[in-house]
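Enquirer: Could you work out the structure for the sequence below:
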Amino acid sequence: MTDINTYFKNNKQRFLDELLEILKIPSVSADPNYAGDVAKMAEAVAQHLKTVGVDKVEVSKTAGHPIVYGEKIISPKAPTVLVYGHYDVQPPDPLELWESPPFEPVIKKTKLHPDGAIFARGSCDDKGQVFMHIKAFEMMMQTNSLPCNVKFMIEGEEEVGSKNLERYCKENKKKLACDVVLISDTSIIDNKTPSLTVGLRGLCYMEVEVIGPNKDLHSGVYGGAVANPINVLCDMIASLHDDKKKVTVKGFYDDVQKVSNKERKMMNEAPYNEKQYMKDLGVAELMGEKGYTTIERTGIRPTLDVNGIWGGYIGEGAKTVLPSAAYAKISMRLVPDQDPAKIEKLFQKHFEKLAPESVKVKVTAQHGGYPVVVPTDSVEYKASEKAMEQTFGKKPLPQRGGGSIPIVAMFDQVLKAKSVLMGFGLDSDDIHSPNEHYGLFNFYKGIETIPYFYKYYAEMKK
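Expert: As a prediction, this is how the structure comes out:
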């Protein structure tokens, strides 16, 4: 029988070709106009699972988009790995900023990806990383080297808050029972510096509305006499940070877990070039909470950011209007031990207090999730650490990620299973932005590494 390395070399191009095909499906979960494409993508995932030898594959309906499930049970004595990922993608807007169409994947070389990168929406987040697991499973099946039971749960609503996943998990606890959840929806430091994500920030996402006069007004006739909701909203938002860039919401920091000087020192040992960081982003200066490094600000400190703001006339040309209302979307990234439900209430109370008598305010919670810290002394972590060391030639650094994957805490609570966050993307891969891409090196490195995780995990669990 062919060994796994030979099988990998002989099938690399096919693996890539198959990925390029599924990247053509515009599975945008946030926009109802794409519902048919999301369903098509679910069926495509199911078909790929069946093709590589996964049993009991099903496309399970939910109140929203379907969840794809499948399993391969080799022995009741073997440990069970639940692979989680998502097949839905972010909206591609603004389309005019894409250098190539978002659902027509192309491969181009870049400074960070000299071997080439796949430019397409979903290439890194998360179709490319999900596909690594399917192809790694294929390799183990075709070389008779699968040492663990494997279950796949690939959802279609991660980009809209995984609205129906918790209910699905609660209703299918027995079916989903596992020893560990394996997730690749995170990144490494760079292609020469592997890392494992050991912490994720939580999320509290709000929408605010500032309401002024009962209709749009002529800004010449009424300007200076009636409060302009956009002006008021801007003032309110500006007051949400002090001059040290700390969030001014009362009680916001009460539950923030203190990180030891030792861990802070370890975090800052990661390669980081501030000048290059600014150059890559096209900014002349960095901004953030005083007293913390950039790595700390994006890993262990909570934040508050405006994600969108609108109101009044935004069409071509000029229209002198004083709008009746203004809106903003505001997200807060949370750290252990902040509770998103508590932060939601604190923010609502604070924001309503900021409003002058001249306007009314409406605050609506959208979705949220708990922050997570993954233990680094577990068998699961050590197996992933050893797997990465095997393929990268050096031990991965533990890193706290700035993003949020709310379902990690839910898996712990509902399935009683810890997660391993073994992603292979780069933070510079423009996920959620125009020109999202995923390096060929990273795609292939993931496929190479994942079988080693299974191997070492099975050995260590004995």
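Enquirer: End to end on stretch 73-83, go ahead and measure it.
Expert: 13 Å (C-alpha to C-alpha, to the nearest Å).
Enquirer: now swap in stretch 54-71 and tell me
Expert: 6 Å.
Enquirer: buried sites along that stretch?
Expert: Judged by neighbour count using 16 or more other C-beta atoms under 10 Å, the buried positions of stretch 54-71 are Val54, Val57, Val59, Gly64, His65, Pro66, Ile67, Val68, Tyr69, Gly70, Glu71. Yep, even glycine has a C-beta here, placed from its N, CA and C like the rest.
Enquirer: For it, what does the pLDDT average out to?
Expert: Mean per-residue pLDDT for stretch 54-71: 98.
Enquirer: what does it rub up against?
Expert: Identification of contacts with stretch 54-71 by C-beta atoms under 8 Å, 6 or more residues apart in numbering yields 29, 35, 38-39, 42-43, 45-46, 49-50, 72-73, 87-88, 137, 149-157, 160, 163-165, 167-168, 172, 175.
Enquirer: can you rerun that using 6 Å?
Expert: The contact list for stretch 54-71 (C-beta atoms under 6 Å, 6 or more residues apart in numbering) reads 29, 38, 42, 45-46, 49-50, 72, 151-157, 163-164, 168.
Enquirer: Ok, stretch 245-265 next?
Expert: With C-beta under 6 Å, 6+ apart, stretch 245-265 has contacts from 240, 242, 288-289, 300, 304, 335-338, 346-347, 350.
Enquirer: From Lys360, how far off is Gly212?
Expert: Per C-beta to C-beta, to the nearest Å, Gly212 is found 8 Å from Lys360.
Enquirer: Then Asn228?
Expert: 14 Å.
Enquirer: quick one, which of the two is more surrounded?
Expert: Neighbours were counted for Asn228 and for Lys360 using other C-beta atoms under 10 Å; Asn228 has more, 25 against 13.
Enquirer: quick one: low-confidence ranges for the stretch 1-150 of the chain?
Expert: 1 (pLDDT under 70).
Enquirer: just the helices in it please.
Expert: Secondary structure of the stretch 1-150 of the chain (DSSP state H, counting those that start in this stretch): helices at 4-22, 35-51, 127-142.
Enquirer: Would you indicate which residues of the longest one are buried?
Expert: If I follow you right, that is helix 4-22. By neighbour count on 16+ other C-beta under 10 Å, the buried set for helix 4-22 is Ile4, Tyr7, Phe8, Asn11, Lys12, Phe15, Leu16, Glu18, Leu19, Leu20, Ile22.
Enquirer: what's it packed up against?
Expert: helix 127-142 (3 or more C-beta pairs under 6 Å, 6 or more residues apart in numbering; DSSP states H and E).
Enquirer: What residue spans form the domains of this structure?
Expert: Following the assignment in automatic domain parsing, the chain carries domains at 4-200+371-461, 202-256+302-367.
Enquirer: now for those domains, which one comes closest to Gln276?
Expert: Of all these, it is domain 4-200+371-461 that lies closest to Gln276, at 10.3 Å by C-beta to C-beta.
Enquirer: Distance from the chain centre to the closest one, please.
Expert: Domain 4-200+371-461 has its C-alpha centroid displaced from the chain centroid by 11 Å (C-alpha atoms, centre = their mean, to the nearest Å).
Enquirer: Take the contacts of stretch 245-265 and keep only those in helices.
Expert: Leu346, Phe347, His350 (DSSP state H).
Enquirer: I'd like to know which of those is nearest to His367.
Expert: Phe347 (13.9 Å).
Enquirer: And the domains of the chain: which comes nearest Tyr272?
Expert: Comparing those by C-beta to C-beta, domain 4-200+371-461 comes nearest, at 8.6 Å.
Enquirer: want to throw the ones in helices among the contacts of stretch 245-265 into JSON lines with distance to Val221?
Expert: Listed next are the ones in helices among the contacts of stretch 245-265 as JSON lines, based on distance: C-beta to C-beta, whole Å:
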{"residue": "Leu346", "distance to Val221": "40"}
{"residue": "Phe347", "distance to Val221": "36"}
{"residue": "His350", "distance to Val221": "34"}
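Enquirer: Most neighbours of all the residues you listed, which one?
Expert: Top of the ones in helices among the contacts of stretch 245-265 by neighbour count (other C-beta under 10 Å): Phe347, with 24 neighbours.
Enquirer: rewinding a little: got the contacts of stretch 245-265 as a markdown table, with pLDDT columns?
Expert: Output for those, formatted as a markdown table (pLDDT from 0 to 100):
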| residue | pLDDT |
| --- | --- |
| Leu240 | 98 |
| Asp242 | 97 |
| Gly288 | 96 |
| Glu289 | 97 |
| Ile300 | 94 |
| Leu304 | 98 |
| Val335 | 95 |
| Pro336 | 91 |
| Asp337 | 92 |
| Gln338 | 96 |
| Leu346 | 98 |
| Phe347 | 98 |
| His350 | 98 |
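Enquirer: From those, list just the buried residues.
Expert: Listed as buried from the contacts of stretch 245-265 are Leu240, Glu289, Ile300, Leu304, Val335, Pro336, Gln338, Leu346, Phe347, His350; burial here means 16+ other C-beta under 10 Å.
Enquirer: Filter those residues down to just the ones in strands.
Expert: Those of the buried ones among the contacts of stretch 245-265 mapping onto strands are Leu304, per DSSP state E.
Enquirer: Going by distance to Thr364, which of the buried ones among the contacts of stretch 245-265 wins?
Expert: Phe347 (11.2 Å).
Enquirer: In contact with that closest one, which residues are there?
Expert: Val249.
Enquirer: What of Val208?
Expert: Ala328, Val363.
Enquirer: Identify the bridge partners of it.
Expert: Ala328, Val363 (DSSP bridges).
Enquirer: Check the gap between it and Phe453 for me.
Expert: 43 Å.
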